[in-house]
Each structure stands twice: as C-alpha cells, then as structure tokens.
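Student: Predicted coordinates and the sequence they were generated for:
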Amino acid sequence: MSHEFMNNKIDVFISSQSFQEEELRDKTAVVVDVLRASSTMITALHNRAKGVIPVADMGDASKISQNLDSPHYLLCGEKDGVKIEGYDLGNSPLDYDGEKVEDKTIILNTTNGTKAIKRAGLADRVLIGSFLNLRTLITDLEKVETDIVLVCAGWKGRLALEDLLCAGNIIYELTDGILPHNVQDGAKVAFGLYEKFGDDIEQAVKTSNYAVRLKDLVSEEDIAYCCQRNKMQVLPVMKEGIISDFYGKEK
Ligand SMILES: O=C(O)[C@H](CS(=O)(=O)O)OP(=O)(O)O
C-alpha cells in the first residue's frame, strides 16, 4: 500500500543520539542495526532462542544474569566489535545457531544496537529490523496506524551507511517506490540513499565506515550475511524489556 494514501507519517532518526526519547511516544519504532545487533537478534530468534534482553552496559548484563538460572541464559555481546571476556557469545550472527541458542534467553550487550533499543523504550511499540527480515517487517508496518520512526543505531552517535540504507529500503517498499511529499527530511535522505545504492547492498556496505573500521575483527562472511534480504520470517517485538518473535508460536 502506498503511504501517499495513509495518514501516518514516516521519519528516520539517523543515530541513537539524534533524538529525544520523548519524540517516540505513541509511535511505532523500528530499531535498525544491520551490522550487527539487529541481524544477530533476528538470527537468534529464527533459531528458536526464547528471547533477547537488550542491555546498555556490562553492569546491567550482570545484574540481569544474577536473576536467571544459568542453564537458561547466555551472556552475549561485544565492545568495539570484540566479544567481551567471559561472555558466552560475541555479536556475530553466524554464532547464533540452533544448537547454541534454542530455548535460551540471550542477554545482549552491544556498542550501539542495544543502546538504541533502550533509548526507544517510550515508543508505543518497538520492533527490530534489518535486511534479513525486511518483507516480514513491511507486512507488519503496512497495518500500523501510528506514526512510524525508523531508528538507525548508527555508530557512537554518528550515522552509519548500512542502517540508513536499510531504512531507505523499508521506506521504498512501504511507498511502492514513490516518496510522498509529506515525509520528514530523514525519510527523504534514506530513500535517496537507497535509490542510489539499493541495487547492490553488499557492495555498498563493504565500502562503509564500519567495514573499513572493523575489517580485521569482523569477517566478510558476517557482512555478506547481514546484507541478505528477506531471509527470515521473524518479527522481533519488545515487551517489558524482552524481545521475542511475534510469529514464534505459529512456527
Ligand atoms: O559488533 C558490532 O557489530 C558493532 C561494533 S561497533 O560498535 O561498530 O564497534 O556493534 P553494534 O552495536 O552491533 O553496532
């Protein structure tokens, strides 16, 4: 359905620091952290993890883990791209296979993605998006009646190309490729970026600041994996601080 005929507005916040938390009140927020927190959560839920608890720092992670029985949770995350010492898993989606994550609660602590999710807590609904679950996300957003904000995690308060590109792809799909006149500037910029680079997502992302910055720490397989569109029918939704798959029970 084209957004031209819908009453709700679409906006894009370019990083986790580019908005006031209050601005999300009564809206549907989609947190996008393509490399890699969103892609990792979607993969974990696809592989039947029970849920993901996003935390802002190591202190919160250890507090939450103290209240859970150890066979039932995994302490996961990274600092500047590297797995945190003593944690069960880092932030590579490729590590989150069924054998490791099935029925586990994942306590996830990452540099940008989980902080962005925590900052989106005032939204009416918080969803997690990436290229991997694009189609499933669009199907849900087409029915949403509130305003929609795509919250790009970015990097330490700055813009990250891969997140803005994914936000542009979401808007492109929602509007059937015709940008309505009434969208906000952030949405226009994301849409324009997608029009320019959307034909080859992987190539564009390979030249991003992230890929250059973390080339010795994050594998090319990780980046290629995160650039795949519509690989998983997973809709991560946050409820009372825990992210689970809306479709989980139907599978
Ligand atoms: O581990 C990641 O992919 C990044 C690392 S960094 O912030 O770009 O150094 O964290 P994320 O929170 O997934 O963006």
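Tutor: Alright, I've got the coordinates.

Student: how near is residue 246 to the ligand?
Tutor: 22 Å (C-beta to the nearest ligand atom, to the nearest Å). The way it works is simple: take the backbone N, C-alpha and C, and place the C-beta from them, glycine included.

Student: Spit out the contact partners of that residue.
Tutor: 140, 235-237 (C-beta atoms under 8 Å, 6 or more residues apart in numbering).

Student: One more pass at 7 Å, please.
Tutor: With contacts taken as C-beta atoms under 7 Å, 6 or more residues apart in numbering, residue 246 has the following neighbours: 235, 237.

Student: how about residue 160, what does it touch?
Tutor: 152, 154, 208-210 are the contacts of residue 160 under C-beta under 7 Å, 6+ apart.

Student: What does it show for phi and psi?
Tutor: Dihedral angles of residue 160 (phi, psi; degrees, to the nearest 10) stand at phi -120, psi 130.

Student: mind checking pLDDT for it?
Tutor: With respect to pLDDT, residue 160 scores 98.

Student: Residue 173: which of the contacts of residue 160 is nearest?
Tutor: Of all the contacts of residue 160, residue 173 sits closest to residue 152, with 16.5 Å by C-beta to C-beta.

Student: Please name the bridge partners of that closest one.
Tutor: residue 32 (DSSP bridges).

Student: how near is it to residue 112?
Tutor: In this view, residue 152 and residue 112 are 9 Å apart by C-beta to C-beta, to the nearest Å.

Student: between the two, which one's more packed in?
Tutor: residue 152 (29 against 25; other C-beta atoms under 10 Å).

Student: mind listing what the more buried one touches?
Tutor: 12-15, 32, 160, 163-164, 167.

Student: Keep only those of those that are in helices.
Tutor: Those of the contacts of residue 152 mapping onto helices are 163-164, 167, per DSSP state H.

Student: Reformat these as JSON lines; add distance to residue 36 and pLDDT.
Tutor: Shown next, in JSON lines, are the ones in helices among the contacts of residue 152 (distance: C-beta to C-beta, whole Å; pLDDT from 0 to 100):
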{"residue": "163", "distance to residue 36": "11", "pLDDT": "98"}
{"residue": "164", "distance to residue 36": "16", "pLDDT": "98"}
{"residue": "167", "distance to residue 36": "16", "pLDDT": "98"}
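
Student: Which one of these sits in the busiest neighbourhood?
Tutor: residue 163 (33 neighbours).

Student: how about the longest strand along the chain as CSV, C-alpha atoms only?
Tutor: When the chain is parsed with DSSP state E, its longest strand is strand 73-79. Taking C-alpha atoms only, strand 73-79 is exported to CSV below (Å, rounded to 0.1, in the frame of the first residue of the first chain):
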residue,chain,number,x,y,z
TYR,A,73,20.5,-17.9,29.6
LEU,A,74,23.6,-16.8,27.5
LEU,A,75,25.5,-13.7,28.2
CYS,A,76,26.4,-12.2,24.9
GLY,A,77,27.9,-9.1,23.3
GLU,A,78,30.8,-7.1,22.2
LYS,A,79,32.8,-4.0,22.9
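
Student: Sheet partners, orientation included, of the helix or strand just after it?
Tutor: Using DSSP states H and E, the helix or strand that follows strand 73-79 in sequence is strand 82-83. With DSSP bridges as the test, strand 82-83 is paired with strand 73-79 (antiparallel).

Student: if you average pLDDT over the partner strand, what comes out?
Tutor: If you average the pLDDT over strand 73-79, you get 97.

Student: Give me the contact list for that strand.
Tutor: Contact with strand 73-79 is made by 61, 65, 84, 87-91, 101, 104-111, as judged by C-beta under 7 Å, 6+ apart.

Student: switch the cut-off to 8 Å
Tutor: 55, 61-62, 65, 83-84, 86-91, 100-101, 104-111, 114.
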